[in-house]
Each structure stands twice: as C-alpha cells, then as structure tokens.
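What would the 3D arrangement of this be:
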Amino acid sequence: MFDFDQWIDRRPTRALKWLKYEGTDILPMWVADTEFKAPPAVIQALTERVEHGIFGYSRPSPQLTELIIKRMAERYHWQIEADWLVYMPGVVPALNLACQTFSAPDSPVITAKPIYYPFLHAPGFHGRKAAYVEMVEKDGRWLPDLEQLEQQAKHSELLLFCNPHNPGGTIYTREELLAINEIAERHNLIICSDEIHCDLLLDEGKPHIPYAALNADAASRSVILMAPSKTFNIAGLCCSFAIIPNAELRNRFTRAARGIMADVNLLGFVAAEAAYQDGDDWLDAQLDYLRQNRDLLVERLNQVPGVKVLSPEATYLAWVDISALDLDDPVAFFEQAGVGLSPGGQFGGSDFVRLNFGCSRAMLEEALDRMINAIHQR
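As a prediction, this is how the structure comes out:
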C-alpha cells in the first residue's frame, strides 16, 4: 500500500540533506529527515490548502488540539488538557527558550552527553554554562550516569532531557524515568524533555512514557516537547508543540516567548492535523520498514572488525562506535568512500558517527557496502 522502496530525487528541491553533497555521488545519511514521501492524507490536505490560494496568518484548529489530546490518551495513557498546549515552530527554539526562562545566569544547565547538538549549544547562547551527564552503555543500551546527575543537580535548576534519546535510540523505562524523577524532586529541577521521536518506536512491546505522565510531581516540573515532524517526515513545515501541565511554568514560558518565538505557518498546521487524523496506517508501515533497515544495519556493521553499534530501540538514527578503527577524521574517511555521516564530535562523542537509516533498502545497502569496503581496504 505504501512504497518505502521508491526512489524520489530530492536534489532539485534544495533539500539540505542532499545540498551538502551537491555535485558528488556521496549518499547523504546525516541530517534527521527521511527519504520517504509523506502520508497520502498529508499530501492531499496540503494540496487542497494550496489550491485555496490565500496564505495569510493562521491559528491551529480546535480539531488539531483534540487530535493531540486523543493521541496522548490512546498512545501514552496520558490525559492532558487543551490549555496545556503551546504551539511553536520547532523543538530547538523551545530548548533555547527553556534555558532562558527556567535557569538563572549563574545556574548551569544540565544535559546528557552525547546528545543532539542543540542541547549542547543552547545554554551558551543564553549566557549559561552547560553541565554534562555522560551516557554510558549498560546491557546493550545507552543510559545516563545517575551519580553524575545527582551531583550536577545540586547546582542547577534545569535539565534538558531527550526521550527517546538521540543519538542511541534509548526508550526509557518507567523505572529509569522514576529514578531521574527522584533526583529532580530532591533538587527541585525543572525538566524540559524533547520527545520528538516518541512515535518512532522500533522495539515492539517497549512503550514510550512521557516524562510528565509519570506522576503528579513529574507533571508539575515538566515541559514536554513533541511534534509530528520526524514521525511523518514533515520537518520542513515547522509545526511543534509544548505540553506544560503546570500553569505557573506555562505562563513563564509563554511570556518569555512574546516577540521572539514565531508562529507556526499555516501549512504546518494543515499537515499536522492530517497526519494525526489519517496518518497512522502509514506510520505503522514505516515502522515495519525501519525495523528491517535497523536490523540489517546492526547485523552487517557488527560483523566488521573495529565497528560496534547497539541496536536502537527507537528513531531511525544509528550511533556507530568506530573508536577501534583509529581514524583521524571519520567523516572525511567515509565521505571518501561515498557516504555522508554526522560527526560524533558534534554530539559529544568523537569516537562515533551517526547514520540515518530512514531511506530505501537499496540506498541503505549501497551505503553499507561502501562503508564496509572502505574499512576492509584501509
């Protein structure tokens, strides 16, 4: 019904992912959007809206808000209220706004390391220092060092959290989240949790639990960030939302956003509503396809001497350990082989590269062939 094997040439569209390697045959496997056409319902809704022909200022429909409320209840067993929602054009601006709003200039902002690089940069953009908690391997998964978190929490007001974690793909269990919540409660931390990959769950039977859904205390100290963008490959339409149960935190957040945070564009609202209304059959099919891509990648790369990758439980982003290869410049090495990856140092892990496997099976197989051949021939 949905053809994820289809090759769609994005090069004429000024797509950031492909523009980086314009004029080369390097396969771009870096930035986190996929090579999959968006759900038919999204394309139809956008087509109808474009045909209307007027593109003035817009507001979210009541239907979109109701769809989000319904989605939180059905997928995550989390009952939210309409006035908890704050619409915004992206999760990254929200991370920055959280640093400005919920931390004093002399209070370090805690974040994990490695992590999606805007987490690392956001504190400094607002005159704050960053305090790091290392992600460590435990039983084949990446988890934060809780002893480090305990120490850092003594001197901070804010934790920038990522669930599922990017990179690495960890889906946090209830017990793991409760352990973090105990530290947050003990030290009165506010938690800004990026949960943009919450629908991209590859390990069946492992549910996503929004941090604020844990208990009343977690809800009282949470800013939860979500979006349809990664789920339905509509990131360029820039529609996301924060869910903030605590009215005092929500008011501080919205006041700080005045005059700074742009509104969501009207096509973003249209796409989000169509995706949440009619996109889940497509999503289920995409997840099946991504699971097969994930399994292929993990199997093939873990057979290569000097390479190790833990199987990501979520996302379409593999965190590949190439430390044993002792490469001076891992990204340049793989670009010479014809594969463009994200540098691990960008995320705080210089012995790694991040590989986006949200692409056709043929593209993934070609990229893996190129990488493996280059390693064997070095």
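
Show residues contacting stretch 263-273.
38, 42, 45-46, 49-50, 55-61, 63-64, 67, 87-89, 227-228, 232, 234, 237-240 (Cβ atoms under 8 Å, 6 or more residues apart in numbering). Glycine gets a C-beta too; all of them are placed from N, C-alpha and C.

what comes up buried for it?
264, 265, 266, 267, 268, 269, 270, 271, 272, 273 (16 or more other Cβ atoms under 10 Å).

Okay, and which of the contacts of stretch 263-273 map to helices?
Secondary structure defined by DSSP state H assigns 42, 45, 46, 49, 50, 63, 64, 67, 232 of the contacts of stretch 263-273 to helices.

Would you mind measuring from the second one to residue 246?
Using Cβ to Cβ, to the nearest Å, one obtains 33 Å as the distance from residue 45 to residue 246.

List the contacts of stretch 100-110.
By Cβ under 8 Å, 6+ apart, the residues outside stretch 100-110 that reach it are 99, 122-123, 126-133, 149, 152-153, 155-160, 189-190, 192, 223, 249, 252-253, 256.

Of all the residues in that stretch, which ones are buried?
Here stretch 100-110 shows 100, 101, 102, 103, 107, 108, 109, 110 as buried, counting by 16+ other Cβ under 10 Å.

Show me what the mean pLDDT comes to for that stretch.
For stretch 100-110, the mean pLDDT works out to 96.

Have a look at residue 45 and residue 246 and say which one is more surrounded.
Set residue 45 next to residue 246 and count neighbours by other Cβ atoms under 10 Å: residue 45 wins out with 20 against 17.

Please convert the buried members of the contacts of stretch 100-110 into PyMOL selection syntax.
Buried residues within these, by 16+ other Cβ under 10 Å, are selected in PyMOL with:
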select buried, resi 99+122+123+128+130+131+132+133+149+152+153+156+157+158+159+160+189+190+192+223+249+252+253
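
Among the contacts of stretch 100-110, which ones are in strands?
In this view, those that belong to strands under DSSP state E are 130, 131, 132, 133, 158, 159, 160, 190, 192, 223.

Now the two most distant members of those residues.
Farthest apart among these by Cβ to Cβ are 132 and 223. That separation is 20.3 Å.

Please, where are all the helices along the stretch 101-250 of the chain?
When assigned using DSSP state H, counting those that start in this stretch, the helices of the stretch 101-250 of the chain occupy the ranges 117-125, 146-153, 174-187, 216-220, 229-232, 247-257.

tell me the average confidence for the last one?
This points to helix 247-257. 98.

what comes into contact with it?
Contacts of helix 247-257 (Cβ under 8 Å, 6+ apart): 83-84, 86, 88, 97-98, 100-102, 190, 221-223, 242, 244.

next one: the third one
Helix 174-187 is contacted by residues 143-144, 146, 149-150, 153-154, 156, 159, 161, 163, 172, 189, 191, 209, 211, 214-215, 217-218, 221 when judged by Cβ under 8 Å, 6+ apart.

starting at the chain centroid, how far to stretch 4-16?
21 Å (Cα atoms, centre = their mean, to the nearest Å).

for that stretch, which positions count as buried?
4, 15.

before we move on, what about stretch 138-145?
Buried residues in stretch 138-145, counting neighbours by 16+ other Cβ under 10 Å, are found at 141, 142, 143, 144, 145.

where's residue 358 relative to residue 327, distance?
Relative to residue 327, residue 358 is positioned 25 Å away (Cβ to Cβ).

neighbour count winner among these two?
Higher neighbour count among residue 358 and residue 327: residue 358, with 23 against 17, using other Cβ under 10 Å.

Cross-check the contact I'm expecting between the more buried one and residue 36.
Yes: between residue 358 and residue 36 there is a contact at 6.7 Å, judged by Cβ atoms under 8 Å.

any common contacting residues for these two?
residue 233.

ok so, going back, out of the ones in helices among the contacts of stretch 263-273, which end up buried?
Buried, going by 16+ other Cβ under 10 Å: 42, 45, 46, 49, 64, 67, 232, out of the ones in helices among the contacts of stretch 263-273.

Reformat the residues you listed as CSV; add pLDDT and distance to residue 298.
Formatted as CSV, these follow (pLDDT from 0 to 100; distance: Cβ to Cβ, whole Å):
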residue, pLDDT, distance to residue 298
42, 98, 30
45, 98, 36
46, 98, 35
49, 98, 40
64, 98, 37
67, 98, 34
232, 98, 25
